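**Student:** The sequence isn't on hand, but the structure is:
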């Protein structure tokens, strides 16, 4: 009997949670002895697939142009035929529409993963988003996401499966992040000695709300002059927002205490260097990857109380302070963020170590890569049977 073949479809493979998950699942499929194929417009993560002998097919799947999407149906049908695909798994809306029609024409199962909250401001947007609820199985990457899908599509409740985003914790083990790697990041970013490092590791985007950090830092500049802020991440073409961020930093007089180094090629080392990691999204997100990775490295985290990010952090008053893994604050609230940063900064070494141990124990138990891959493979097996 031929080996099962799983085709994953995603716009591109630059960086980000959905992209990394696609690679992780493809590797797990290959480890099962099955065949894995990923179709995307390409990107830096495509090299990881090819290095492990996984087929990557380059198609214009980033496009939202209806004509291109329609043409992608035939392109994906060709991929399905060429590789003997048994299941198509889509991870984003535009390529999901093409994947849906290609899978239906091939009469094979169609799976989707809801990676975003997908704002629904009108009927047209709701229709566009609805493709992500049309899978034979609809995977939600958090419990919050599962509830969101069920609320929007009550007729699809029986098809929804919650599978938390998984992290390869072998890359986020404190003992495996060498002093050399940490020094490299320190030198690369010209981090001054003796500073308290507040790291914001995310794409440069209004959604991630780096401006909230600038406002909080402006408040703190009168109380503490030894905090150094780092905004590490791609701007992905958001030039206007990047320029606005630079102007706000300059006008606040914070140019000497804030840097924007761009894409981070060694997140574990960056998270290990940090004294606190900030996740300040101003809109609900379906998972909190950075908070999980930072906690795995025993670095304290401050997150906004929105969406599924709250599932990745235990904070007071939900748990006693002795059990906390981080801090949760109201979004778009610079004074609250400033207060939380000061609270972390004022903890004793013993208190910081306790938060770190709590955080690592919690995320290892809840968000492992193996757990995510095993559950996803079980979805595939159910559909194949």
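**Tutor:** Happy to help now that I have it. No experiment lies behind these values; they were computed from the predicted model shown.
**Student:** any idea how far residue 103 lies from residue 366?
**Tutor:** 32 Å (C-beta to C-beta, to the nearest Å). C-beta: built from backbone N, CA, C; applies to glycine.
**Student:** all helices for the chain, in order.
**Tutor:** Per DSSP state H, the chain carries helices over the ranges 17-31, 46-51, 66-83, 93-106, 123-129, 143-152, 179-188, 210-220, 239-251, 267-273, 289-296, 334-345, 349-366, 369-384.
**Student:** Adding mean pLDDT as columns, could you present the ones you listed in a markdown table?
**Tutor:** Output for the helices of the chain, formatted as a markdown table (pLDDT from 0 to 100):
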| stretch | mean pLDDT |
| --- | --- |
| helix 17-31 | 94 |
| helix 46-51 | 94 |
| helix 66-83 | 98 |
| helix 93-106 | 98 |
| helix 123-129 | 95 |
| helix 143-152 | 95 |
| helix 179-188 | 97 |
| helix 210-220 | 98 |
| helix 239-251 | 97 |
| helix 267-273 | 97 |
| helix 289-296 | 95 |
| helix 334-345 | 98 |
| helix 349-366 | 97 |
| helix 369-384 | 97 |
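**Student:** coming back round to it: specify which residue of residue 103 and residue 366 has the higher count of neighbours.
**Tutor:** The residue with more neighbours, out of residue 103 and residue 366, is residue 103; 27 against 15, by other C-beta atoms under 10 Å.
**Student:** List the contacts of that one.
**Tutor:** For residue 103, the contact set (C-beta atoms under 8 Å, 6 or more residues apart in numbering) comprises 80, 88, 109-110.
**Student:** In JSON lines: those residues, plus neighbour count and distance to residue 140.
**Tutor:** Formatted as JSON lines, the contacts of residue 103 follow (neighbours: other C-beta atoms under 10 Å; distance: C-beta to C-beta, whole Å):
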{"residue": "80", "neighbour count": "23", "distance to residue 140": "25"}
{"residue": "88", "neighbour count": "29", "distance to residue 140": "18"}
{"residue": "109", "neighbour count": "18", "distance to residue 140": "17"}
{"residue": "110", "neighbour count": "24", "distance to residue 140": "16"}
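**Student:** Nearest to residue 145 among these?
**Tutor:** residue 110 (18.5 Å; C-beta to C-beta).
**Student:** Check the gap between the residue nearest to that closest one when sequence neighbours are not counted and residue 88 for me.
**Tutor:** Of all residues not flanking residue 110 in the chain, residue 103 sits nearest, at 4.0 Å (C-beta to C-beta, 6 or more residues apart in numbering). Separation of residue 103 from residue 88 (C-beta to C-beta): 4 Å.
**Student:** Need the overlap of contacts for these two.
**Tutor:** Residues within reach of residue 103 and of residue 88 at once, by C-beta under 8 Å, 6+ apart, are 80, 109-110.
**Student:** which one among those residues gets closest to residue 36?
**Tutor:** residue 80 (13.7 Å).
**Student:** For the nearest residue to the closest one once chain neighbours are set aside, grab the count of nearby residues.
**Tutor:** In space, and not counting its chain neighbours, residue 80 is closest to residue 106: 4.9 Å by C-beta to C-beta, 6+ apart. When neighbours are defined as other C-beta under 10 Å, residue 106 has 17 of them.
**Student:** Residue 106 touches residue 77, doesn't it?
**Tutor:** Yes: counting by C-beta atoms under 8 Å, residue 106 touches residue 77, with 6.5 Å between them.
**Student:** How about the contacts made by the residue lying closest to residue 241 once chain neighbours are set aside?
**Tutor:** Nearest residue to residue 241 in three dimensions, chain neighbours excluded: residue 206, at 5.6 Å (C-beta to C-beta, 6+ apart). Neighbouring residues of residue 206 by C-beta under 8 Å, 6+ apart: 238, 241, 282.
**Student:** tell me the most buried of the helices of the chain?
**Tutor:** Of all these, helix 289-296 has the most neighbours on average by mean count of other C-beta atoms under 10 Å, namely a mean of 28.
**Student:** Give me the contact list for it.
**Tutor:** 17, 20, 165, 167, 169, 172-173, 201-202, 267-268, 271, 274, 277, 279, 300-301, 303, 309, 312-313, 325-326, 359-360, 362-364, 367.
**Student:** quick revisit: Serialize the shared contacts of residue 103 and residue 88 to JSON lines and add fields for distance to residue 135.
**Tutor:** Listed next are these as JSON lines, based on distance: C-beta to C-beta, whole Å:
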{"residue": "80", "distance to residue 135": "16"}
{"residue": "109", "distance to residue 135": "8"}
{"residue": "110", "distance to residue 135": "5"}
